[in-house]
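*Asks:* Kindly return the folded structure for what I paste below:
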Amino acid sequence: MNVGDRVRLLTGREEGIVTRLLDNDLVEVAIDNDFTIPVLRREVVVVAAEERKAFGQSASSVAAEKKAAASGAARAAQANKPAATAQKPAESPPTAAAPKAAPVQKGLYLALIHQSPELLALHLVNHTDRDVLFTYGEETAEKYRALAADKLPAKTASKPLGHWHLKDFDKWPASVFQLLPHQLNDSTPYELLTKRVQFRAASFYTSRQPNVPVLQREAYLFQLDEKPAAPAVVAPDKLAETLQQQLSGNAPAKPAAVAPPPVPAKAITAPPHEVDLHLEALRPEAATEEPLSNTAILKLQLDAFEDTLSRALATNMHEIVFIHGSGNGTLRKELHKLLSRNKDIKFFEDARKEKFGYGATLVRLK
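*Replies:* Modelled structure (predicted):
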C-alpha cells in the first residue's frame, strides 16, 4: 500500500485516497467527501485497476469527480470577480461556444489533479523528447525537506509526489524541483535547473487546463523550464546611431544592450592515429607527484579517451588505435562498453597482436 492508492473501507462503502503512511499499522485516508481519517491498514483494501475497469467507477467516485470539476470551475470564476460583486449570485451567461484552449508546448510541468473536490495530487510531467533526472522537496519557513528523486522518461508523468488540501491553500509549502535533462549520445550537455514554485491564489485558479499532455486529464498546470526572454541587442554598426538618438532625447528610456563581439571558434585538431592511455603518457609529471587512486587514474584515462574520440569524429578520421595495456582488463572493459553505445562507431576490435599484443583496440569510425 502506497501514498496515492485508492482504497475501500472494509467496515463501510466509502472509498478514498491514501494521503500519508502514519506508521506500520496506520494510514491517513481522504474520503471522497473531503475529510481525512486515520485508519488501520487491516481495515482498508486497495481498489485494483482491474476491478474498476471491469465494474466501472463507483457512484461515489463519479460524483466526486463531477463535484471536483464543478468546484474548481466555481473557484476560478470567483477568483476572477471583483471583490464588490463576489457576494452577488451568479447570473446565467448566454450560451456561447467555449474558446478552444491553446495546445501546451513541450516542456517540464508541475500538474495538480483533483482526486476529490478538495484533495489535489501533485505530478511532474515530462512533455519532452528527453529523459529527466529530478529531485523534489518542500520548503516551509525556510526549512527544506527532500521527498523524492527519480528518473522520468520522455512523454511520461511521475507518480503522485504529494497530496494537498484546498482548505489549507494558505499553508501550502513551496515546491522545489531540481531538473537535469539527459539524452544518450547527445552532443550538447544540459544545465541543471532548480525551480521553486510558491502558489498564489490569483495565478493558481487561472492555470487550469482542460486536457494536459501525457496525463490526459484536467489539471492546474505550471511550467518549470520556462526561460526569460532575451534582451534586445544592437549590432555594433548601429551603436553610433543609437547613442546619437539617446543624446538627442529620441531614444527609449532604457538603452538597448550592445551585442558582444563575435568570439572566433577554436580550431579542432585531429588526434594522432595511435593514442596511449597509460598514466605515464597522459601525465609525465605523475612520477614526481603524490600517487593517484585507481579510481582517479581510471577517470583521467576515460576523460582522455572521450576527448580524443570526439576530436577524431569531428575531423572525419577513419580509424584510431587506443593503447590501454593488458593489466587487469578494467580500462579495456570500460572502453569497449562506451564504444558499443556510440552510434558513430562502425566497429572495434583488438589491434594487431604482433605490435600491441592484447593491449590495444582498433576503432573504425563511420
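*Asks:* Quick one: the strands in the stretch 151-300 of the chain, in order.
*Replies:* 156-157, 162-165, 174-182, 193-197, 208-209, 219-223, 233-234, 257-258, 274-276 (DSSP state E, counting those that start in this stretch).
*Asks:* Out of these, which is closest to Leu9?
*Replies:* Proximity to Leu9 (CB to CB) singles out strand 162-165 among the strands of the stretch 151-300 of the chain, at 17.9 Å. From N, CA and C alone the C-beta is placed, and that goes for glycine too.
*Asks:* That closest one pairs with which strands, parallel or anti?
*Replies:* strand 119-127 (antiparallel) (DSSP bridges).
*Asks:* Return the angle between stretch directions for the strand it pairs with and strand 193-197.
*Replies:* Strand 119-127 and strand 193-197 are oriented at 150 degrees to each other (axes from the mean of the first three to the mean of the last three CA atoms, to 10 degrees).
*Asks:* What's the separation between Ala146 and Phe134?
*Replies:* Distance of Ala146 to Phe134, computed by CB to CB, to the nearest Å: 12 Å.
*Asks:* okay, those two: which has more neighbours?
*Replies:* Phe134 (21 against 11; other CB atoms under 10 Å).
*Asks:* re earlier: of all the strands of the stretch 151-300 of the chain, which lies closest to Arg42?
*Replies:* Closest to Arg42 of the strands of the stretch 151-300 of the chain, according to CB to CB: strand 162-165, at 22.1 Å.
*Asks:* I'd like the average pLDDT over the closest one.
*Replies:* Regarding strand 162-165, the rounded mean pLDDT is 88.
*Asks:* Ok, stretch 339-358 next?
*Replies:* On average, stretch 339-358 scores 83.
*Asks:* now do stretch 116-133
*Replies:* 90.
*Asks:* again with stretch 182-196
*Replies:* Stretch 182-196 comes out at a mean pLDDT of 85.
*Asks:* ok now that stretch, how far from the chain's centre?
*Replies:* With CA atoms, centre = their mean, to the nearest Å as the basis, stretch 182-196 stands 9 Å off its chain's centre.
*Asks:* hmm, who's touching that stretch?
*Replies:* With contact meaning CB atoms under 8 Å, 6 or more residues apart in numbering, stretch 182-196 is reached by 108, 129-133, 139, 174-181, 224-225, 341-343.
*Asks:* Mark which of those are buried, thanks.
*Replies:* Those of these that meet the buried threshold are Leu108, Arg130, Asp131, Val132, Ser175, Val176, Phe177, Leu179, Pro181, Leu224, Asp225, Asn342, by 16 or more other CB atoms under 10 Å.
*Asks:* Tell me, how many residues neighbour the nearest residue to the fifth one once chain neighbours are set aside?
*Replies:* Put plainly, it is Ser175. Nearest residue to Ser175 in three dimensions, chain neighbours excluded: Val197, at 4.5 Å (CB to CB, 6 or more residues apart in numbering). Neighbour count of Val197, defined by other CB under 10 Å: 16.
*Asks:* what pLDDT does Val275 get?
*Replies:* 91.
*Asks:* Next: Ala219.
*Replies:* Looking at Ala219, the pLDDT reads 92.
*Asks:* Over to Pro262?
*Replies:* 65.
*Asks:* again, but for His278
*Replies:* pLDDT, read off for His278, is 88.
*Asks:* The one 10 residues further on now?
*Replies:* The pLDDT attached to Thr288 in the predicted structure is 71.
*Asks:* same question, Lys238
*Replies:* pLDDT at Lys238 comes out at 65.
*Asks:* these two touch, right, the residue nearest to Ser175 and Ala174?
*Replies:* Yes: using CB atoms under 8 Å, Val197 is in contact with Ala174, at 6.4 Å.
*Asks:* what about the helices in this protein?
*Replies:* For the chain, the helices defined by DSSP state H cover 49-55, 59-80, 201-204, 239-248, 279-282, 294-314, 330-341, 353-356.
*Asks:* Could you list every helix and strand in contact with the fifth one?
*Replies:* Same thing as helix 279-282. With contacts taken as 3 or more CB pairs under 8 Å, 6 or more residues apart in numbering; DSSP states H and E, helix 279-282 sits against helix 294-314.
*Asks:* average model confidence for the helix it packs on?
*Replies:* 89.
*Asks:* Now do it against helix 330-341, angle only.
*Replies:* Using the same axes, to 10 degrees: helix 294-314 against helix 330-341 is 40 degrees.
*Asks:* in helix 294-314, what's buried?
*Replies:* Applying a neighbour-count criterion of 16+ other CB under 10 Å, one finds Ile297, Leu300, Gln301, Ala304, Phe305, Thr308, Leu309, Ala312, Leu313 buried in helix 294-314.
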